[in-house]
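Asker: heads up, no residue letters with this:
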Ligand SMILES: O=C(O)c1ccc[n+]([C@@H]2O[C@H](COP(=O)([O-])O)[C@@H](O)[C@H]2O)c1
Ligand SMILES: Cc1cc2nc[nH]c2cc1C
């Protein structure tokens with residue numbers, strides 16, 4: 001599939017399904033919007049899938065692993081070898097997200113889209129585009145073609161999972177240095193200085209953070225990415241992990257599957273996807289409020305409200321997986337809860353309109 005074909009396959013959110021879902025929520029015997037953002041998220045699921053009869057049964061989180069050449073500039077707390085070590089743990093089902101996913105009932109799909117050590121890792125799907133990116137302070141991180149190949153690899157994974165019957169998707173990443181690239185992408189897309197977008201990543205010192213800001217500004221000055229061209233941005237100052245996640249979100253939207261965002265790196269990919277195709281936003285659900293400044297700015301720009309604010313910044317899709325049981329709980333209320341009508345109670349919206357009758361099938365009387 002070509003990129004143009006992928007973008008053309010993404011239709012707008014189904015407004016009728018969203019209205020139907022909203023009506024169903026309001027018919028349920030509870031305070032109007034009593035489940036807050038969880039209600040909003042399920043309305044979004046209706047918009048993405050085109051159905052009011054919602055299902056979030058089978059779940060999966062794809063974790064895109066890649067290395068970032070900018071690590072050579074001393075912008076991280078740990079070395080690049082950690083990317084491979086965590087990818088191995090992902091493959092063996094023993095990294096943080098694997099434990100959380102078992103609790104949430106989600107499948108973990110680790111994918112190598114460009115780790116430095118390009119050798120087969122047991123349990124990790126090999127879709128490597130190149131062995132790590134180049135140092136963006138010396139030139140573009142990768143070519144436009146490579147960025148597009150990583151994007152299409154991500155889209156392929158989302159579409160495969162959807163075609164296997166996964167109802168709720170999520171993406172995570174593992175790539176030392178990717179909070180630097182995420183901040184650089186954010187600086188370009190939102191036209192903000194690195195001093196506003198950069199954060200401490202996995203645990204940078206004060207001096208390290210000052211260096212990180214300078215490194216991002218140097219990369220932006222040298223590469224001059226075109227804000228209006230998402231592929232130019234991600235290829236020059238982004239990463240293979242971010243490009244793959246961008247494609248994953250587009251693939252999810254094309255297959256009408258809701259997709260949970262994770263932290264700062266995920267949000268950078270999400271805004272790139274929306275800039276490539278505004279309709280892709282319909283499928284995106286914010287899980288948690290990222291700790292990195294760029295992540296918070298990106299969620300604001302996307303207009304998405306997270307359900308968790310717990311200081312999470314682990315990556316690997318852990319925040320996305322943490323939100324899954326909350327969505328399951330909200331769905332159980334949506335599917336099973338008594339309506340005002342069943343209780344013989346007259347209820348009204350804040351605007352005075354009467355709440356309509358039993359809209360859901362299968363609602364327990
Ligand atoms: O998702 C986030 O918001 C997030 C914030 C800080 C760190 N991380 C994880 O830590 C790594 C990036 O941190 P760093 O400092 O190496 O840029 C990468 O593997 C991410 O999964 C992730
Ligand atoms: C140990 C470690 C594990 C991670 N998992 C995701 N990002 C990570 C970063 C570090 C440093």
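Answerer: Yes, it's here. Being a predicted model, the structure only gives us computed values, none of them experimental. Ligands and ions are numbered 1, 2, ... in the order given.

Asker: what parts of the stretch 251-365 of the chain come near ligand 2?
Answerer: Within the stretch 251-365 of the chain, the positions near ligand 2 by Cβ under 6 Å from any ligand atom are 314-316. All C-beta spots, glycine's among them, are computed from the backbone N, C-alpha and C.

Asker: nearest to ligand 2, of those residues?
Answerer: residue 315 (3.7 Å; Cβ to the nearest ligand atom).

Asker: where does this protein have low pLDDT?
Answerer: 356-365 (pLDDT under 70).

Asker: next, the contact list for the most centrally placed residue in the chain, please.
Answerer: By Cα atoms, centre = their mean, the chain has its centre lying nearest to residue 261, at 2.5 Å. Shown in contact with residue 261 (Cβ atoms under 8 Å, 6 or more residues apart in numbering): 170-171, 267, 270, 284-287, 299, 304, 320.

Asker: and residue 2, how far is that from residue 89?
Answerer: According to Cβ to Cβ, to the nearest Å, residue 2 and residue 89 sit 35 Å apart.

Asker: what about the two, which has more around it?
Answerer: Neighbour totals were compared for residue 2 and residue 89, and residue 89 leads with 19 against 9 (other Cβ atoms under 10 Å).

Asker: give the helix, strand or coil label for that one.
Answerer: The local conformation at residue 89, judged by DSSP: H, G, I helix; E, B strand; the rest coil, is helix.

Asker: surely it and residue 99 touch.
Answerer: No - with contact defined as Cβ atoms under 8 Å, residue 89 does not count as touching residue 99 (10.4 Å).

Asker: in a markdown table: the contacts of residue 261, plus distance to ligand 1, secondary structure and neighbour count.
Answerer: Shown next, in a markdown table, are the contacts of residue 261 (distance: Cβ to the nearest ligand atom, whole Å; DSSP: H, G, I helix; E, B strand; the rest coil; neighbours: other Cβ atoms under 10 Å):
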| residue | distance to ligand 1 | secondary structure | neighbour count |
| --- | --- | --- | --- |
| 170 | 12 | strand | 33 |
| 171 | 11 | strand | 33 |
| 267 | 8 | helix | 30 |
| 270 | 12 | helix | 29 |
| 284 | 15 | strand | 26 |
| 285 | 16 | strand | 25 |
| 286 | 12 | coil | 28 |
| 287 | 10 | coil | 27 |
| 299 | 11 | helix | 24 |
| 304 | 15 | coil | 20 |
| 320 | 10 | helix | 32 |
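
Asker: show me the strands in the stretch 201-350 of the chain, by range?
Answerer: 259-260, 284-285 (DSSP state E, counting those that start in this stretch).
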